[in-house]
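# whatever this is, show me its structure:
(chains A and B)
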Amino acid sequence: MTVVPPADESAQVAARVERRWATMSIVIVLLLATAAALIGLQHATMPQGRVETIDAARLHLSGEFVESNLGTAVEPDGSVTVRAIGQQYSFVPDCLLVPTDTPITFRATSPDVVHGFLIVGTNINTMLVPGYVASIRARFSNPGEHLMPCQEFCGVGHEGMWARVKVIDKAEFTRLSAGKRRMSCAD
Amino acid sequence: MLTSRRLIIAHFWLAFGLFGLALLLGAWQMLMRSPLSGWIENPEWYYRSLTAHGTVMAYVFPTLIAMGFGYAISESALEQPLIGRRWAWAGFWLVAVGSVTAVVPVALGRASVLYTFYPPLIGNGFYYVGIVLAVVGSWIWVALMSINLRIWKRANPGKPVPLAMFANVAGSYLWAWTAVGAALELLLQIIPVAFGLVSTIDAGLARIFFSWTLHAIVYFWLFPTYIAYYTIVPRAIGGRVYSDAMSRIAFVLFLVVAMPIGIHHAFMDPEVGAGFKFVHSVFTALVALPTLLTVFTICASVEIAARLRGGRGLFGWVTALPWRNPIMLALAFSFVMLGFGGAGGLINMSYQLDTSIHNTQWITGHFHLIFGGAIVIMYFAIAYDLWPHLTGRPLASLGLMRLQLWLWFVGMIVTTFPWHWVGILGMPRRMAFFDYGDPALAPLAFSVVLSVLGGFILVLSGLLFLVVLLRGHRTAPAEAGPYRFAEALHPPVSVPAVLNGYGLWVGLMIALTVSNYGYPILQLAVRSDTAVQAVYVGGSR
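Residues are numbered from 1 along each chain as shown, chains lettered A, B, ... in the order given. Here you go, the predicted structure:
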């Protein structure tokens, strides 16, 4: 014979167990949100801070994304800016050249439809939306080659839209970049 | 007391018929992009197929299930015949005609823009018009659910709304509101361009409108599944719902927090600033709460069934569960897939982790595991549970049903786990072809082949499912009795007004949408310099 507790008592037990679980769930959720906030505050990985717009129809005529300005540029402070365009169905330049151990800013946009910018094997990943400029900061530790596919459907040629990123040793990059305004793997 | 059986069967058959076709397309796509196939001669076919697969699976199939199941819930939980059955048929035909209108241009290759639209790519206008028609049809369902509940409340003042109907109407309100985002994108932006009235479009604004729909739609897909967890499973396995009040809280929480989180789909987008991305990331963490509560309530409800069947011990009761019952099996599979999929979701919701897998095959794996796995396997369970009450004939073969569920579970795991893996390796989504001869891509080949095998297992399971339902129309008639939902362990005598209606929750849903979407939308809507030239697809116009 088992003793059956009265119904209201069992309801209280049930409510207590349930409250304990609900509290635990809320704590888990708060922990997750706090972790995201802390990482953001330390700027370990941060989304682009502000929205930057650009006239997509006139990219090729003037301004930052004219063809002669695309590729890798060494800034006066020693950092590197890489400018690129994703268009149906290729990237310009189609092979980006970057040094190791250097702060790098990728700035890219699209003159036609939405494309994606993903450097395989890294967490460098952004959308290229026409009318807007994507800007992300990164740093490479090791030399090597990475694939850079368009990660967003952009039309029937989407599957052919692949570029490469070549990371070379900082010293070699400095030697190659002497006297050059803009660089890509072709240099 | 199901009196609108033909109406409900029509919804289910149209849903599952289209599901079967879209499933075949999905498997074909997996084959084409794998090392098992050579060069795809015309990649356009792939994107055409992908557009049809996504349009059917994301819009038509789950909407029809929610509608059909919703009518069944309204009639049986409220024990009153459906009011407005003619309107319900009108809604059904709007969805059917809308689907055909949308799919014809897709089949002709005039709208290969994927179900997520992606302006400034613009397909044939009738593709978008068809989707709008289907959504309008589903809004008739929303109105009918609300009206039926109101009439019942008037006849039963002060009585607690049955849990199944309470959740069903919450789901319909969520859908009504979340569909507004895509509706605004279609009506204000895309359709005028598609019919040539305007030639430019703000792609960034369109992406924000779409994100309004894109996340909460997942919870709309989830509602029938959760209703089955709470109100079908405990009854089918001989248990009780652990807590009626907590169940209601879980459903209204979905209504509130499913909406203001969609911008996590735009974490990597340049048209939204960092602040709103953070806000949406935090709210996305909140949406884990109703699911955590559900996991507890359902496990506890299942434990009650096991103990009533003589189960003993801290975990020993698990062996006392009716494992040969297909509903029990479906629940277990669904929970396993929800667990893995949910863990993946926690990764996606964090901006920092998302950067590694955004728009890779990881994402494809994630939502197939959650939607195709955890959610759809319960759609199967709903159909199995409801079918005898709709046809007046029992489903003959429990063994076949178990085999079908096992195959779906195994197939989904074999499909999606390798997808997650190649996603981590950086394999992008939605590509018609990969050159596996490239040394950088060759390591993906084995995993991709594995997932194709999973896709074939899913096709087999899908066919078996249709066979079981078809055979269910041919067995000897036997009245299945009234369709009932699970009872609570402590059935509610009265429910606080706030958990017996939606005023507060719908108010919060709208307020949070305005606070979390108002600025990002207005900021772009007021400026004209971000509009870009439309890129029309599909040849001559």
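# please enumerate the helices of the stretch 351-500 of chain B.
B:351-357, B:361-367, B:376-391, B:398-424, B:445-471 (DSSP state H, counting those that start in this stretch).
# could you tell me the least trusted of the ones you listed?
Within the helices of the stretch 351-500 of chain B, confidence is poorest for helix B:351-357, with a mean of 89 (mean pLDDT).
# give me every residue that touches the residue nearest the centre of chain B.
Nearest residue to the geometric centre of chain B (C-alpha atoms, centre = their mean): residue B:221, 2.5 Å. With contact taken as C-beta atoms under 8 Å, 6 or more residues apart in numbering or on different chains, residue B:221 is in contact with B:62, B:66, B:371, B:375. Just so you know, the C-beta spots here come from the backbone N, C-alpha and C atoms, and that holds for glycine as well.
# so where does it fall, helix or strand?
helix B:203-231 (DSSP states H and E).
# following that helix, which helix or strand comes up?
That would be, after helix B:203-231 and using DSSP H and E, helix B:233-236.
# contacting residues around that following helix?
Contacts of helix B:233-236 (C-beta under 8 Å, 6+ apart): B:239-241, B:298, B:301-302, B:304-305, B:325, B:327-328, B:331, B:381, B:385, B:484-487.
# report how many residues lie close to the closest residue to chain B within chain A.
Ranked by C-beta to the nearest C-beta, the top residue of chain A for proximity to chain B is residue A:120, at 3.3 Å. Neighbour count for residue A:120, taken as other C-beta atoms under 10 Å in any protein chain shown: 22.
# how far does the longest helix anywhere in chain A sit from the chain's center?
The residue-count maximum for a helix in chain A (DSSP state H) belongs to helix A:7-41. Remark: helix A:7-41 is offset 33 Å from the chain centroid, using C-alpha atoms, centre = their mean, to the nearest Å.
# what do you get for stretch B:242-256?
Worked out by C-alpha atoms, centre = their mean, stretch B:242-256 lies 19 Å from the chain centre.
# for stretch A:145-163, same thing?
For stretch A:145-163, the distance to the chain centre is 15 Å (C-alpha atoms, centre = their mean).
# now do residue A:24, the pLDDT please.
pLDDT, read off for residue A:24, is 93.
# repeat for residue B:217
At residue B:217, pLDDT is 94.
# so what's the closest residue to it other than its chain neighbours up against?
Excluding the flanking residues, the one nearest residue B:217 by C-beta to C-beta, 6 or more residues apart in numbering or on different chains is residue B:178, at 5.7 Å. By C-beta under 8 Å, 6+ apart, the contact set of residue B:178 is B:212, B:213, B:216, B:217, B:219, B:220, B:258, B:259.
# which of those lies closest to chain A?
Nearest member of the contacts of residue B:178 to chain A, counting by C-beta to the nearest C-beta, is residue B:258, at 14.6 Å.
# neighbours of that closest one, how many?
There are 27 residues near residue B:258, going by other C-beta under 10 Å.
# nearest residue to it in space, ignoring adjacent ones along the chain?
Using C-beta to C-beta, 6+ apart, the closest residue to residue B:258 is residue B:219 (3.9 Å).
# quick one: that neighbour and residue B:173 touch, right?
No: Residue B:219 is beyond contact range of residue B:173, at 11.4 Å (criterion: C-beta atoms under 8 Å).
# of the two, who's got more company?
Neighbours around residue B:219 and residue B:173, counted as other C-beta under 10 Å, are more numerous at residue B:219. The numbers are 23 against 18.
# in chain B, which residue sits closest to chain A?
residue B:426 (3.3 Å).
# which residues of chain A fall in helices?
Under DSSP H, chain A gives helices at A:7-41, A:170-177.
# which neighbouring elements make contact with the first one?
When you say that, I think you mean helix A:7-41. Under the contact definition 3 or more C-beta pairs under 8 Å, 6 or more residues apart in numbering or on different chains; DSSP states H and E, helix A:7-41 sits against helix B:274-286, helix B:288-308, helix B:351-357.
# quick one: average pLDDT of the longest helix seen in chain B?
Counting residues, the longest helix found in chain B (DSSP H) is helix B:125-155. On average, the pLDDT along helix B:125-155 is 97.
# that helix: what's the following helix or strand?
Next along the chain after helix B:125-155, taking DSSP H and E as the criterion, comes helix B:163-184.
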